[in-house]
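*Asks:* sequence first, predicted model second:
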Amino acid sequence: MSAASRVRNLFKRKGGGHTSAEREKLKKELFSFKKTVEHGFPHKPTAIAYDPQLNLVALGTKSGIIKILGAPGVEFVGTSSEATNVNQLFFLPNQGRLISLCDDNTLHLWEVNIRDGNSLLEEVKSFSLEGRLKKISVCCLSTDHKHLYLGTEGGNIYLLDVVTFDLLEHIIYQDVVMQNVPDDCKVNPGSVEAIAQHPNSPDKLLIGYNRGLMVVWDSKEFNADRTFVSDPSLETLTWHRDGIRFTTAHHDGSYCVWNMNDSTTPEKDRTTPYGPFPCKSINNIKHLTTKSDPFMIFSGGMPRASYGDRHCVTVMQGKKNVVFDFTSRIIDFFTMSDVDSEYEFDEPHTLVVLVEEELVFIDLQSEGWPSFTLPYLSSLHASAITCSHHVSNVPSELWDKITAAGEQQIASICSQREWPLNGGKNLAESPMEHDLLMTGHEDGSIRFWDASTVALKFLYKLSTAPLFVTDADHVDPSAGADSEEEWPPFRKIGVFDPYSDDPRLGIQKMNLCSLSGTLVIAGTAGQVIHMKIATEEKTATIETCKVQIVGEQDKFVWKGHEALPIQEDAVTTAAGFQPVFIAQCTPPAAITALAVQTTWGVTAVGTSHGFALIDSIHKKVVTNQCTLNPLDLSAAGEQLSKRKSVKKSLRATIRRMRKGRGKKTKQESRT
């Protein structure tokens, strides 16, 4: 049986409407897809870990996928057999091994191994704690990387041998801990919220319980060395570099600094950075020393009433205070440093923040703390993707102009330091050709990506919004005039922005001629923008061309959105793609088809109402044709859609079938 016959048989309806086993087999044979490479940011990330010695980062997701990344092109992917939510990740530094804690209370050991000459991420061991009170609430890897402390909701702490991946008999029971604390503290402390090993004394463990009890546990003597009590519920804690002080973060948005030499009261009064009004909890906190002023970095802590919906990470150093404001929920953060544990100071140089929709690297060494441009893991859906266009074998001349425009675009807003994550070695050969991926977005922007390698690298962003007068232009400009005096001192960061200022800006179609450097963009409101690549900034008035697809004689009434008003004043555009002219289709329906022939200088556009041929050299309409049927629903002003047209076609087919059956029955009864 030929392939064509098999496809025809697949679509033939056989009585009852039930799917047969043979039909399902045909589906798998004819329509099987195999994923070869995955670009962009992983869906629903839930955990992150960092190996400071190998300089690698690991990400875990809600579906059980684990990714390890290093230098651009270095990437390992593993999937848990149970496909469960990854809650926490822990690198075993300098070993190429990783431990994951999943939502089903299981621990998995992963290794990077070589199979058939290829490096693969494989799961080699697993372990599970069973029982309601044994639900793992927090983990801590020992400083010698041989044991993993497992804090539970029941209050006990278990010890896992990382080598054998079995539990040791050494258990820190909550009852035993409570025997060694003062009588006035002997109340149920709740679940284990935080565990931190002493930076200088490996035998000492700082344990924080949910209801504010903190105990320095001596594993050697098997007793409580110090006991600290705070009023508000504990969220997390962290040691200082000297091992004498530690900082705790609390449910009410405050933090405290404690001294090991005095367990009665905090060394400093409890601080609520954004009080005095009620604040949200501080979920994570780091105190990091430098040769100058120390860093205090924490997530959360915003005033509940006014900024409770913000997703923020605060960075404070001396008099500098910046609240990095993200557009999606913060999952975790860590800092990178080039110094080892024996050095006097922490000296962080990069802050890495994982949020739900992107990964952000912030340069703590450069003035103003700018962010890095990601060489991979970019958030492709920074604004909702509405279309895409792929161009292979792009000429070097055009490629260089696009990359130069992109570098100029980010020079003043992004860090100029070298990308800090450089673990591993990319063994792939450099591509011989340049492949370009263009994505059109709902906010009227087009992003250009280097699709030549596994690491989909961002090159350049083109925005069409400045060419039009949009709804966002009517916002009062004085609204943000006092931003410098705003408290907390917010700063928007990251590229993910799911909101569009004006839905009419959405990109529907685009076409790039790589030989001439001509780009034609078609939008939601009937706008067709002709652009040309340039290497210098340009200020000019935008020329326009009106394309009348439906004439007045057709008595058509458009009830949809209005066309976007084109800027009448001169517009300044930076190096990159610059507008030549804009053709506006009437009625301003979304462009559904686009074809460009730059050699002839013509552009063909189609909408749900008809099509037109435009002379792009003389900026005039060559011909236009309305394809509306007078009986069509769109003649009453409704916009056509694929769903409506398919429904209408199906209904008409069913009516014809019923009519035909009726005629056949009458003929048979007559005979």
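*Replies:* All right, it came through fine. What you see is a predicted model, and the numbers here were worked out from it, not measured in a lab. Numbers count the residues shown, from 1 in each chain.
*Asks:* quick one: Lys620 from Pro45, how far?
*Replies:* Here Lys620 is placed at a distance of 51 Å from Pro45 (Cβ to Cβ, to the nearest Å). In short, each C-beta sits where N, CA and C put it, glycine included.
*Asks:* tell me the SS of Pro375?
*Replies:* coil (DSSP: H, G, I helix; E, B strand; the rest coil).
*Asks:* that one against Val74, yeah?
*Replies:* No - counting by Cβ atoms under 8 Å, Pro375 does not reach Val74; the two are 10.8 Å apart.
*Asks:* who has more neighbours, the two?
*Replies:* Higher neighbour count among Pro375 and Val74: Val74, with 22 against 18, using other Cβ atoms under 10 Å.
*Asks:* test my guess that the more buried one contacts Ala428.
*Replies:* No - under the criterion of Cβ under 8 Å, Val74 is not in contact with Ala428, lying 9.7 Å apart.
*Asks:* before we move on, the earlier item: okay, Lys620 and Pro45: which has more neighbours?
*Replies:* Neighbour totals were compared for Lys620 and Pro45, and Pro45 leads with 23 against 12 (other Cβ under 10 Å).
*Asks:* ok, now which ones touch the more buried one?
*Replies:* Pro45 is in contact with Leu59, Gly60, Thr61, Lys62, Ile331, Leu354, Glu356, Leu359, counting by Cβ atoms under 8 Å, 6 or more residues apart in numbering.
*Asks:* who wins for most neighbours among these?
*Replies:* In terms of neighbours by other Cβ under 10 Å, these top out with Gly60 at 29 neighbours.
*Asks:* name the element that one belongs to?
*Replies:* Using DSSP states H and E, Gly60 sits within strand 56-61.
*Asks:* dihedrals phi and psi, Leu564?
*Replies:* Main-chain dihedrals, Leu564, degrees, to the nearest 10: phi -70, psi 120.
*Asks:* residue contacts, it?
*Replies:* By Cβ under 8 Å, 6+ apart, the contact list for Leu564 reads Phe468, Val469, Thr470, Asp502, Arg504, Leu505, Gly523, Ala525, Gln527, Pro588.
*Asks:* and the strands in the stretch 501-650 of the chain?
*Replies:* Taking DSSP state E, counting those that start in this stretch to define them, one finds strands in the stretch 501-650 of the chain at 507-513, 518-523, 527-534, 538-540, 543-548, 571-573, 576-586, 593-597, 602-607, 610-615, 620-626.
*Asks:* nearest to Arg304 among the ones you listed would be which one?
*Replies:* When the strands of the stretch 501-650 of the chain are compared by Cβ to Cβ, strand 507-513 sits nearest Arg304, at 38.9 Å.
*Asks:* flag whichever of the contacts of Leu564 scores worst on pLDDT.
*Replies:* Least confident entry in the contacts of Leu564, by pLDDT: Thr470, with 84.
*Asks:* quick one: low-confidence ranges for the stretch 51-200 of the chain?
*Replies:* Residues of the stretch 51-200 of the chain meeting the criterion pLDDT under 70: none.
*Asks:* so where do the helices sit in it?
*Replies:* 174-179 (DSSP state H, counting those that start in this stretch).
*Asks:* distance of the residue nearest to Ala465 when sequence neighbours are not counted relative to Glu562?
*Replies:* Residue nearest to Ala465 in three dimensions, not counting chain neighbours: Gly444, with 4.7 Å by Cβ to Cβ, 6 or more residues apart in numbering. Using Cβ to Cβ, Gly444 is found at 16 Å from Glu562.
*Asks:* when these two are compared, which one has more neighbours?
*Replies:* Taking neighbours as other Cβ under 10 Å, Gly444 and Glu562 compare with Gly444 leading, 31 against 10.
*Asks:* right, and the more buried one touches Ser463 too?
*Replies:* Yes - applying Cβ under 8 Å, one finds Gly444 in contact with Ser463, separated by 6.4 Å.
*Asks:* all strands for the stretch 351-500 of the chain, in order.
*Replies:* Residue ranges of the strands in the stretch 351-500 of the chain, as given by DSSP E, counting those that start in this stretch, are 358-363, 385-391, 436-441, 445-450, 457-463, 490-492.
*Asks:* just the buried positions in the third one, please.
*Replies:* Neighbour-count burial for strand 436-441, with 16 or more other Cβ atoms under 10 Å as criterion, is recorded at Leu436, Leu437, Met438, Thr439, Gly440, His441.
*Asks:* format the CA atom coordinates belonging to that strand as PDB.
*Replies:* Provided in PDB are the C-alpha atoms of strand 436-441 (Å, rounded to 0.1, in the frame of the first residue of the first chain):
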ATOM      1  CA  LEU A 436      18.400  33.500  11.700                       C
ATOM      2  CA  LEU A 437      15.100  33.000  13.600                       C
ATOM      3  CA  MET A 438      12.700  35.900  13.800                       C
ATOM      4  CA  THR A 439       9.800  36.000  16.300                       C
ATOM      5  CA  GLY A 440       7.000  38.500  16.100                       C
ATOM      6  CA  HIS A 441       5.300  39.500  19.300                       C
END
